[in-house]
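> Okay, sequence plus prediction incoming.
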Amino acid sequence: MTDHLAMPKSWHVETKPHKFCPGCGHGIALKILGEVIDELNIQDRLVFGVDIGCSLLAWDFFDVDTVQTHHGRTNPVMVGMKRANPDLLCIAYMGDGGGYAIGSQHLVNSAFRNERILAIVINNCNYGMTGGQMAPTTLPGQKTETSPYGRDAETTGSPTLGPEMVAAIASPGAYVARGSIANIKQLKRFMKKAVENQIAGNGFSFLEVLSSCPTNWRTNAKQTWAFVEDEMSKYFKTGELRTPDEKKEA
Amino acid sequence: MTDKPIQGEKRVFMTGNETLAWAAVAAGADIMYGYPITPQNEVMHYWTRMAPKFGRKFLQTEDELSAGFTTIGGIMAGSRAFSATAGPGTTLFQEPISMAEMMRIPLVMAILQRGGPSTATVIYSQQEVNMMTFGGNGEGWRVVYSTATHQELYDYMIKSFNTAWKYRFPTFVLADGYQAKMREPLTMYNPEDRGIEMVETERFVGLPGVPGTDRPPAHHRNTFSVEEELYEATMPIQKEYEEMSEHVVEWEEEDVDDADIIILSHGVVSRAAKAAKNRLRAKGYKVGYFRPITLRPFPEKALQKVAGKCNNFLLAESALGQFARPVKEALFNVPVNSFETIYKPGVGFTAEELVEKIESAR
Ligand SMILES: Cc1ncc(C[n+]2csc(CCOP(=O)(O)OP(=O)(O)O)c2C)c(N)n1
Ligand code: SF4
Ligand SMILES: [Mg+2]
């Protein structure tokens, strides 16, 4: 049993406590990733790529070689690395803006080409770092700084369903799932399988994490959990969408 | 990898794009990342044909942003990686280039200029000078070799890998569609056969040992929290760029000592300029020739010295003053008697028109 209260061994102690806002889901996702890194013992062959967005705050988060890239460009940097040196394990970690808006072409084409990397998208329904603008994942009716009267699907489209999109185009061998910080046991299973899928070299691995951004949502603790557990999960269904053996956990 | 790609010195007759691909093979490039654009395409075509024979790799990306960032990824993994592009592709490449400048990533590329702005022509121009010297939100921390012949394409493509990996600044061969597509003779060689040692590549990530246990983790970033932190990070880079400059700056000058007019040009236009100078000399006119090879860093001191001997200039370029700008900057504070320009954006030059221009004014 993992002691969830302890700091993962792969965390870089000198930069803790970390820099995310109190109540931010990034910290939970990175805690789980840290545990997975420890359990799979991959610190020495892992390269962690972080995007611009709140993910950049993790540039010195782990005792893992880390590259902070540009907004939306973490996937191609990791792809280039993996192509040049397939022995490395490459994880591209980004926000929903980075993954589904500015870097969407990279996500789609990495999936098409079945690149042997793992892309993790933190879905917090907004552009966190820049102060809470509408993101591709903003829910219908959700108020943000650039949708102050609530997101209107008529003029701004509907929230991006990232894993569904990737699952539809991914090749055999791909692993695609959506987890949530509201269910860390399941999230950890998905995270571990996603990393293992890269270790096995099966194909593209993709994990979306439903996450919280209380700062920009302007929510207290209770409201924050309610938004993740009730609002987000209604629209974004958790579960596995693609696995190499096509046996899926709902 | 296996055999030497080129046995001995080899005289060949080929296009510039083929030359660039061969030079990358000879330089020991491990992998190319690219996206199709004319007039660069055949660099990829030749590379993909040769790559498997010499154990090299290729990835065709979804666009030039990806080509740039995958190249950066390959380099950070320790590979001698490169790319090539042109025109609108050069525009997209400014983003990864700016990251390479900030993070000191030895990005190597060949740029085959085509007409601009926008999609314009796929043929020729010298309109990517601004972009390649100072594009991106940065300070121009790049080395730019403006080539004129296929021999130079070959020589400077090899040299670019060494400049980039030695000094850790992105380095470019800036050519054009004419150079890309025309055929001419050149001599190919393996660099080591000529005593040119290829600078070893190094990994930025994936170093031996467990990070945090055997060694500190490699943490690479380009984002800073406060102004002073950025200032502390950038000023040493500027200093290193300046220190490097005197070692990498290159130019060519002929017949400047007694000249009463000097033709200024760069790249393929300098071939017309040199021919015009020679023909005019044969007719008894005292014409000189000056051509920067590095557009970044710019050979300012050399040009100022030449201006001390002759301060009448005729500048010719296939753009509307993109080359004239650093020239004028270099000549700031230097007395100049006359400074004439011929700007032909997207159009080439012949020796005849330069001869006529100078002769008609005498
Ligand atoms: C080319 C470019 N455009 C815009 C930005 C500004 N920018 C920085 S972070 C960000 C949004 C981040 O949102 P997301 O990717 O969802 O990550 P989050 O902060 O929510 O985790 C934007 C637009 C940038 N850095 N680069
Ligand atoms: S702004 Fe939102 S996403 Fe960013 S650190 Fe704060 S809570 Fe997390
Ligand atoms: Mg976000």
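Received the coordinates, thanks. Numbering: from 1, shown residues only, chains lettered A, B, ... in the order given. Ligands and ions are numbered 1, 2, ... in the order given.

> distance of residue B:131 from residue B:223?
Using CB to CB, to the nearest Å, we find residue B:131 at a distance of 24 Å from residue B:223. For every residue, glycine as well, the C-beta is placed using N, CA and C.

> Likewise for residue B:192?
From residue B:192 to residue B:223 the distance is 40 Å (CB to CB).

> neighbour-wise, which of those two wins?
Between residue B:192 and residue B:223, counted using other CB atoms under 10 Å in any protein chain shown, the more crowded position is residue B:223 (15 against 12).

> how about the residues of chain A near ligand 3?
Neighbours of ligand 3 within chain A, by CB under 5 Å from the ion: A:95-96, A:124, A:128.

> what's residue 144 sitting at in phi/psi?
Defaulting to chain A. Residue A:144 adopts backbone torsions of phi -130, psi 180, taken as degrees, to the nearest 10.

> That was the other one, I meant chain B.
phi -130, psi 110.

> Assess the claim that it and residue B:174 are in contact.
Yes. Assessed by CB atoms under 8 Å, residue B:144 is found in contact with residue B:174 at 5.2 Å.

> so what sits against both of these two?
B:132, B:295 (CB atoms under 8 Å, 6 or more residues apart in numbering or on different chains).

> Before we move on, what's the pLDDT of the residue in the stretch 101-250 of chain B positioned nearest to chain A?
Nearest residue of the stretch 101-250 of chain B to chain A, counting by CB to the nearest CB: residue B:212, 2.7 Å away. According to the prediction, residue B:212 has pLDDT 96.

> List the contacts of it.
A:10, A:12, A:43, A:63-64.

> can you do 10 Å?
A:9-14, A:43-44, A:62-64 (CB atoms under 10 Å, 6 or more residues apart in numbering or on different chains).

> Let me have these in CSV, adding secondary structure as columns.
Shown next, in CSV, are the contacts of residue B:212 (DSSP: H, G, I helix; E, B strand; the rest coil):
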residue, secondary structure
A:9, coil
A:10, coil
A:11, strand
A:12, coil
A:13, helix
A:14, helix
A:43, coil
A:44, coil
A:62, strand
A:63, coil
A:64, coil
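
> so which of those also contact chain B?
Intersecting the contacts of residue B:212 with the contacts of chain B gives A:9-14, A:43-44, A:62-64 (criterion: CB under 10 Å from any CB of the partner chain).

> and which of these is nearest to chain B?
Checking these against chain B with CB to the nearest CB, the nearest one is residue A:63 at 2.7 Å.

> Make JSON lines out of the ones next to chain B among the contacts of residue B:212 and add pLDDT, distance to ligand 2 and neighbour count.
Converted to JSON lines, these look like this (pLDDT from 0 to 100; distance: CB to the nearest ligand atom, whole Å; neighbours: other CB atoms under 10 Å in any protein chain shown):
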{"residue": "A:9", "pLDDT": "97", "distance to ligand 2": "24", "neighbour count": "17"}
{"residue": "A:10", "pLDDT": "98", "distance to ligand 2": "21", "neighbour count": "26"}
{"residue": "A:11", "pLDDT": "98", "distance to ligand 2": "17", "neighbour count": "23"}
{"residue": "A:12", "pLDDT": "97", "distance to ligand 2": "18", "neighbour count": "21"}
{"residue": "A:13", "pLDDT": "96", "distance to ligand 2": "20", "neighbour count": "9"}
{"residue": "A:14", "pLDDT": "96", "distance to ligand 2": "19", "neighbour count": "9"}
{"residue": "A:43", "pLDDT": "97", "distance to ligand 2": "25", "neighbour count": "22"}
{"residue": "A:44", "pLDDT": "97", "distance to ligand 2": "29", "neighbour count": "19"}
{"residue": "A:62", "pLDDT": "98", "distance to ligand 2": "17", "neighbour count": "24"}
{"residue": "A:63", "pLDDT": "98", "distance to ligand 2": "21", "neighbour count": "26"}
{"residue": "A:64", "pLDDT": "98", "distance to ligand 2": "20", "neighbour count": "27"}
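
> In the sheet, which strands lie alongside the helix or strand that contains residue B:84, parallel or antiparallel?
Per DSSP states H and E: residue B:84 is located in strand B:81-85. Taking DSSP bridges as the criterion, strand B:81-85 sits next to strand B:31-34 (parallel), strand B:108-113 (parallel) in its sheet.

> Check chain A and tell me which residue is nearest its centre.
residue A:121 (2.6 Å; CA atoms, centre = their mean).

> what are the ranges of the helices in chain B?
B:16-26, B:41-50, B:64-76, B:87-103, B:129-134, B:150-167, B:177-181, B:227-248, B:269-282, B:300-307, B:324-331, B:351-361 (DSSP state H).

> nearest to residue A:27, of the ones you listed?
helix B:227-248 (23.3 Å; CB to CB).

> Let me know the angle separating the closest one from helix B:150-167.
140 degrees (axes from the mean of the first three to the mean of the last three CA atoms, to 10 degrees).

> So which bits of helix B:227-248 are buried?
Across helix B:227-248, burial judged by 16 or more other CB atoms under 10 Å in any protein chain shown covers B:234, B:237, B:241, B:244-245, B:248.

> circling back: and the residue of the stretch 101-250 of chain B closest to chain A, its phi and psi?
phi 90, psi -20.

> mind checking how far it is from residue A:26?
The value you get for residue B:212 to residue A:26, if CB to CB is used, is 21 Å.

> Residue A:82 against residue A:119, yeah?
No. Using CB atoms under 10 Å, residue A:82 is not in contact with residue A:119, being 11.4 Å away.

> Look up how far residue B:258 lies from the most far-flung residue of chain B relative to its centre.
Of all residues in chain B, residue B:213 has its C-alpha farthest from the mean position, at 41.9 Å, by CA atoms, centre = their mean. The gap separating residue B:213 from residue B:258 is 69 Å, by CB to CB.

> Mind listing the residues bridging to the residue in chain A that ligand 3 sits nearest to?
Using CB to the ion, the closest approach of chain A to ligand 3 is made by residue A:95 at 3.6 Å. Residue A:95 has the following beta-bridge partners by DSSP bridges: residue A:122.

> Show the contacting residues for it.
Contacts of residue A:95 (CB under 10 Å, 6+ apart): A:26, A:50-56, A:71-72, A:74, A:101-103, A:121-124, A:126-129, A:135, A:137, A:211, A:213.

> try 7 Å
Contacts for residue A:95 (CB atoms under 7 Å, 6 or more residues apart in numbering or on different chains) come out as A:51, A:53-55, A:122, A:124, A:128.

> just residue B:294 next, same as before
Residue B:294 touches B:143-145, B:248-250, counting by CB under 7 Å, 6+ apart.

> For the residue nearest to residue B:206 when sequence neighbours are not counted, grab phi and psi.
Nearest non-adjacent residue to residue B:206, counting by CB to CB, 6 or more residues apart in numbering or on different chains: residue A:88, 4.9 Å away. Here is the backbone geometry of residue A:88 (degrees, to the nearest 10): phi -80, psi 150.

> Up against ligand 1, what does chain A have?
Proximity of chain A to ligand 1, by CB under 6 Å from any ligand atom, involves residues A:52-55, A:71, A:94-98, A:122, A:124, A:127-130, A:135.

> now, which of these lie close to ligand 2?
A:54, A:124, A:128-129.

> Name the member of those with the most neighbours.
Most crowded among those, counting by other CB under 10 Å, is residue A:124 at 32 neighbours.

> if you skip the residues just before and after it, what's nearest to that residue?
residue A:213 (4.0 Å).

> so that neighbour makes contact with residue A:129?
No. Residue A:213 is beyond contact range of residue A:129, at 9.8 Å (criterion: CB atoms under 7 Å).

> Briefly note if stretch A:22-39 comes near chain B.
No. On the criterion CB under 7 Å from any CB of the partner chain, stretch A:22-39 is out of touch with chain B, staying 10.7 Å away.
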